[in-house]
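J.: Predicted model follows, preceded by the sequence.
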Amino acid sequence: MTRFALRTAMSLPLLLLVGCAGGAVQSTVVGTPAAPTHTAQPVAAPTPHVFTTPPQFPQEAVKPDPNFDMGYAVQITDRGFQPQWLVSPCCEPITFHNMTGKPVSVVFDVLPVDSGVIAPGASWAYSPQNVESISYHSKTDPGMAANVQVNQVND
């Protein structure tokens, strides 16, 4: 093979690569931006929903379900906390009623909250300031535990 033929054979792939890459080259034009192709239209502000009656959280049950209930109160009984899981609205006091014949203390598992001694027949209230899930137990009987789910009340 001659030198000319050898150079041509070796240059051909290089030319093909340059030719293929030529289509991928992008150019940037610096100057005055083009005029917009459309005009922005004003958007109407959303209409707030108006309630005809204020939202209501369910009333406290006369005889709450011992496992799960909605309301504002926890009964401390000889069988434990009732309900085991209370769902309550945010920022409203939750009252713990000691219905046993002995003093009891309620301690939250994560939050630094301790009721102190709640005498038999007495009550203690806690007002949650946020939507949160609260697990708690009895200080005198750590095996006695329950939960409160504090929910946001929709307006």
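T.: It's in.

J.: any weak-confidence spans in the protein?
T.: Within the chain, the segments meeting pLDDT under 70 span 1-64, 155.

J.: Dig out what G80 forms beta bridges with.
T.: When bridges are called by DSSP bridges, G80 pairs up with T77.

J.: typo on my end, it should be L86
T.: L86 forms beta bridges with D69, V148, as assigned by DSSP bridges.

J.: looking at it, it is touching I94, isn't it?
T.: Yes: contact criterion Cβ atoms under 8 Å: L86 and I94 qualify, at 7.1 Å. Any C-beta I mention is one placed from the backbone N, CA and C, and that applies to glycine too.

J.: So which residues of this structure form helices?
T.: Taking DSSP state H, the helices of the chain run over residues 3-21.

J.: List the contacts of the closest residue to V106 other than its chain neighbours.
T.: Spatial nearest neighbour of V106, excluding adjacent residues (Cβ to Cβ, 6 or more residues apart in numbering): S115 at 4.1 Å. By Cβ atoms under 8 Å, 6 or more residues apart in numbering, S115 lies in contact with F96, S105, V106, V107, W124, Y126.

J.: Buried among those? Need that as a selection in ChimeraX.
T.: What follows is the ChimeraX syntax selecting those of the contacts of S115 that are buried according to 16 or more other Cβ atoms under 10 Å:
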select :96,105,106,107,124,126
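
J.: Tell me the one among the contacts of S115 nearest to C90.
T.: Here the nearest of those to C90, counting by Cβ to Cβ, is Y126; it sits at 12.4 Å.

J.: can I assume the closest one is in contact with I94?
T.: Yes: in terms of Cβ under 8 Å, Y126 counts as a neighbour of I94; the distance is 5.3 Å.

J.: Around T140, how many other residues sit close by?
T.: 12 (other Cβ atoms under 10 Å).

J.: For G80, see how far away it is.
T.: Relative to G80, T140 is positioned 12 Å away (Cβ to Cβ, to the nearest Å).

J.: cool, and S138?
T.: From S138 to G80 the distance is 8 Å (Cβ to Cβ).
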